[in-house]
Every structure is written in C-alpha cells, then in structure tokens.
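1. show me how the following folds:
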Amino acid sequence: MTTTAHRVVIVGAGFGGLEATHRLAGSPVEITLIDRRNHHLFQPLLYQVATASLATSEIAWPVRHLMRDRRDVTTLFATVSGVDADRRCVLIDDGSEVPYDTLVLATGARHAYFGHDEWEQWAPGLKTLEDATTLRRHILVAFERAERETDPAKRAARLTFVIVGAGPTGVELAGTIAEMAHHTLPADFRNIDTNKARVVLIEAGPRVLAGFPDDLSAYAQASLEKIGVEVVLGQAVTEINREGVVFGGKLLEAKTRIWAAGVRASPAAEWLGAPADRAGRVQVEADLTIPGHPEIFAIGDTVLINAWDGKPVPGIAPAAKQQGRHVAETIKARLRQEPTGPFRYKHSGSLAQIGKRLAVIDFGRIKLRGTIAWWIWGIAHIYFLIGLRHRLSVALSWLWIYARDQRAARLITQGSSKVV
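-> Predicted coordinates for the structure are as follows:
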C-alpha cells in the first residue's frame, strides 16, 4: 500500500458503511473504518434478541473479522466527537485525529422522545445489542417477578407490557411478546397464568404500520388483536413514569414499557453545521454530499434526501446499502476523473412480521399477507445475514419456534433475582 493512495474515512460500520467499504475493494484507496462498537449489527432482527428468539451472536459480527482479508482497510474501535472540515480530519474523543481526503458519514440514528428525554429511563428503545439484552431482561424478569407476587393488582402490572409506537418495530415486538406469553411460557410457571398477560400497543396516529397500504395495515391490526394484542390508536402518550404510561388522560399501570415511537439522527449535522430537518437528519445534495463539501458524503438514517420518485428515502437497511454503493461508485469515478450522477433509490418492498406465522409484504403491485408472507419475510432476512453459519443457526432457531413454540435464548443477564 503506498502513501499516495487516496484516504477514505468511513464513520459507522452499519449497512451503509460496510457496503461502501465492500464496493471500494480493489480501488487505489486507503480506507479507515471507524465505529464506537466492535461489531456490525443486523438491526432488522434486533427485536428477536429482545424477545428471546435469537442470541446476540446470531445477528452481530466483529468488524475486524469481516475486514480480516482487506489489507486496504484499517479498523478503529473509537468514538467520533466531531469533524474539522477545514483541516479535513475526523476528531476522536480521546483527542486524536484521523485525516481524510474523502469522508463518509454513516453514523445512523438514536432514540427520540419528542422533548421528553426523561422518559428513556422508564421506556428504553431498541437500537443496539445492549438495548436488546436489557429489554430481554425486562420482559423475562416481569414474568419471574409476577410468579412471586401475591398482590393481584401488582401482579397485573407486572404482566402488562406497553409498546409505544406502531411502526414495524412496535408491531413486531408486540406480536412476539404476545405469542411468547400465550404459547411459549404457560407450561413454565406454576403460580401465574401467562395467558393473562396484557400486551398494549399505543399509536398516536390513526393506524398501525402507517408506511404500508391501508389494507395491509388493517390486516396487521386484526392479526395483532387476534393473537391478544390490545391496539390503541389515535392516543398520544403524555407521560411515562415508574408506575406506567399515561394516555387519554388515564394511567395504565405497567412495569415493562418499550419505546418504538421515534428516532433522531446522529449529531453529524451538528459536527458540520449543515442544514438538517427536525429529526436532525442532514439535508444532503443529490449525490449524497454535504452542501459546500463535495468531499464529505452522508448516508443511511442520518440523512434526508428525496430520491424515491420525489419522496424521502426510508430509513431502512436496503436504502443504506444502496447509498453506500452509490458513494463507492462516485468515489471510484472521481478517481478516474469521470462524471458522476445523482443518487436514485429503488424500493424493493416493505416487510413486517406480525407473529411467528404471520407477516405483511408490500412489493408495490404485489401485496402479500399471512403465512406465505411470513416464509418470504424469513427467507429474505436469512439471505441478508452474513455467513453460512449464521444463516443456518437463525433458520434452525426459527424452525424450532415455528414447530415447538420454544425460544432457546430465554436467558436473564445483567442482574439478580432481587424483587424491586
């Protein structure tokens, strides 16, 4: 590797960052890949870790292992604190700097509580492996503590699970928790009937899965209610505290609250003083560059761009991968001094699981629902996993759940059995 190679720094080893790194293979560049975690996470299945369906190792891979054969890639386990665009260097929180010729910001998103950050301690969200294992512990401990609770009202609160937000994550969480309570756990407990657990899905909007067509949204709601989920629509949550959730002027006592209602982009826009929307997403140029900085690209959940037939590109994994691919092709074209074009998003479809045998899929002209959609959903997700071992492991886990209603990852970690 020569010292004259073009220096590309990629911040974030998510779908977009990894795709850009992969597509730059064989190019005359030196790549530095920076992430504050040492693993790439398959976020679409994160909720399955939270609901004890999959183990953490089945949906995450060490970044260094993924890059082991790429001598052109240097991986840094570090937290970025800012960008000095004038001097073209990335600032690390330990005071060090990483210089670049081209910078790719693929820094993702975080939870957004709409001005009520104090709610996070009572209703954690789901964005990282740590979030997933914390939620898994909350869910499983709720049943364990209900088993020991003698007061009927307190036991009911222990067995009430509230999910705020009825997008794909909220719907998938609600459906899986309900099925776990009604099918997986009943035989495991002696003092409680887990079938009496309440799973309440609260949505401020008029329907679940707002990004899907009306008929699929209605089907999803009916399916959720059929498996025991209480769907509350048109009600905004006004308070979350130690006791439960307030909506419609009333308190619903619930010891397990999960936030799935909103996200906020990473602070990339703040680092650069770039224009951003209310969610903090950078408003990039048509080629995914930062206004005034053609050497800086931003991709994934951290950007806003109307490149889907004039509509905003959704914050999903396929979109991030397409953007990563576009950035890599643009960098290679620039090095060859060839013209480049704008980014155009091609939507492959929207998928959401409702239960272990139910899903909805929107392919545009083709819409699927039910068991067939669930099989396609599963095959699609297995296909995008990295490595044959992970694909086989996840497939076997799902087949076991499908056939026996058993979830092998029901492990409580990070705490003791003390009742609080």
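
2. every contact and neighbour count from this point should use C-alpha atoms.
-> Fine.

3. can you pull the contacts of L76?
-> Residues in contact with L76, defined by C-alpha atoms under 8 Å, 6 or more residues apart in numbering, are 32-35.

4. give the contact list for L358.
-> 223, 369-371, 373-374.

5. this structure: helices as residue ranges?
-> Along the chain, counting by DSSP state H, helices occupy 15-23, 46-50, 63-66, 129-148, 152-158, 168-179, 214-226, 268-272, 317-335, 371-384, 388-404.

6. mind giving me the packing neighbours of the shortest one?
-> When you say that, I think you mean helix 63-66. Using 3 or more C-alpha pairs under 8 Å, 6 or more residues apart in numbering; DSSP states H and E, no helix or strand is in contact with helix 63-66.

7. quick one: average pLDDT of that helix?
-> Helix 63-66 comes out with an average pLDDT of 96.

8. look up how far Q322 lies from T51.
-> T51 sits 30 Å away from Q322, going by C-alpha to C-alpha, to the nearest Å.

9. among those two, which residue is more densely surrounded?
-> T51 (26 against 22; other C-alpha atoms under 10 Å).

10. can you list the low-confidence ranges for the stretch 301-420 of the chain?
-> Applying pLDDT under 70 to the stretch 301-420 of the chain flags residues 404, 408-409, 415-420.

11. what is the nearest residue in space to W377 that is not next to it in sequence paired to in the beta sheet?
-> Nearest residue to W377 in three dimensions, chain neighbours excluded: L351, at 6.5 Å (C-alpha to C-alpha, 6 or more residues apart in numbering). L351 has these beta-bridge partners by DSSP bridges: I361.

12. so L351 sits against K367, correct?
-> No. Using C-alpha atoms under 8 Å, L351 makes no contact with K367, being 10.1 Å away.

13. one step back: contacts only, for the residue nearest to W377.
-> So L351 contacts 359-362, 377 (C-alpha under 8 Å, 6+ apart).

14. as TSV, those residues with neighbour count would be great.
-> Output for the contacts of L351, formatted as TSV (neighbours: other C-alpha atoms under 10 Å):
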residue	neighbour count
A359	26
V360	26
I361	23
D362	19
W377	19
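
15. out of those, who's nearest L18?
-> Minimum distance to L18 across the contacts of L351 is 22.8 Å, recorded for W377 (C-alpha to C-alpha).

16. list the contacts of that closest one.
-> Contacts for W377 (C-alpha under 8 Å, 6+ apart) come out as 351-353, 359, 361.

17. out of those, what pair is the most spread apart?
-> When C-alpha to C-alpha is used, the two most widely separated members of these are Q353 and I361, lying 8.7 Å apart.

18. what about the closest residue in space to T133 that isn't next to it in sequence, how many neighbours?
-> In space, and not counting its chain neighbours, T133 is closest to A50: 5.8 Å by C-alpha to C-alpha, 6+ apart. For A50, the neighbour count with other C-alpha under 10 Å is 29.

19. centre of the chain to stretch 40-58, how far?
-> Its chain's C-alpha centre and that of stretch 40-58 lie 10 Å apart, by C-alpha atoms, centre = their mean, to the nearest Å.

20. nope, stretch 167-180 is what I meant
-> With C-alpha atoms, centre = their mean as the basis, stretch 167-180 stands 14 Å off its chain's centre.

21. ditto for stretch 212-220
-> Relative to the centre of its chain, stretch 212-220 is centred 22 Å away, using C-alpha atoms, centre = their mean.

22. oh, and call the first residue 55 from now on, that's how I've got it
-> From this message on, residue numbering opens at 55, which makes the last subject stretch 266-274.

23. could you list the buried residues of that stretch?
-> Counting neighbours by 16 or more other C-alpha atoms under 10 Å, one finds that the buried residues in stretch 266-274 are 266, 270-271, 273-274.

24. now these in CSV, with pLDDT and distance to I353?
-> As requested, the buried residues of stretch 266-274 are exported to CSV (pLDDT from 0 to 100; distance: C-alpha to C-alpha, whole Å):
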residue, pLDDT, distance to I353
F266, 96, 24
L270, 98, 29
S271, 98, 29
Y273, 98, 33
A274, 98, 31
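
25. identify the residue nearest T133 in space, chain neighbours excluded?
-> Take T133 and drop its neighbours on the chain: the residue closest to it by C-alpha to C-alpha, 6+ apart is R90, 4.7 Å away.

26. isn't that neighbour up against V117?
-> No. Contact between R90 and V117 fails when scored by C-alpha under 8 Å: they sit 10.9 Å apart.

27. quick one, which of these two is more surrounded?
-> Between R90 and V117, counted using other C-alpha under 10 Å, V117 has the larger neighbour count: 22 against 14.

28. I'd guessed that one sits against L95; true?
-> No. If you go by C-alpha under 8 Å, V117 and L95 don't touch, sitting 9.6 Å apart.

29. tell me the contacts of G378?
-> Contacts for G378 (C-alpha under 8 Å, 6+ apart) come out as 69-74, 353.

30. can you do 7 Å?
-> Taking C-alpha atoms under 7 Å, 6 or more residues apart in numbering, we find G378 in contact with 70-71, 73-74, 353.

31. which of the residues you listed lies closest to K250?
-> For those, the residue nearest K250 by C-alpha to C-alpha is G70; the value is 42.3 Å.

32. distance of the closest one from L78?
-> The value you get for G70 to L78, if C-alpha to C-alpha is used, is 12 Å.

33. who has more neighbours, the two?
-> Neighbours were counted for G70 and for L78 using other C-alpha under 10 Å; G70 has more, 32 against 23.

34. thought the more buried one was touching K375?
-> Yes. Counting by C-alpha atoms under 7 Å, G70 does reach K375; the two are 4.6 Å apart.

35. follow-up on the earlier one: out of the contacts of L130, which are buried?
-> 86-89.

36. need those in a markdown table with distance to R261, can you?
-> Below are the buried ones among the contacts of L130 laid out as a markdown table (distance: C-alpha to C-alpha, whole Å):
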| residue | distance to R261 |
| --- | --- |
| T86 | 44 |
| L87 | 40 |
| I88 | 39 |
| D89 | 36 |
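
37. these in strands, which ones?
-> Per DSSP state E, strands hold the following members of these: 86-89.
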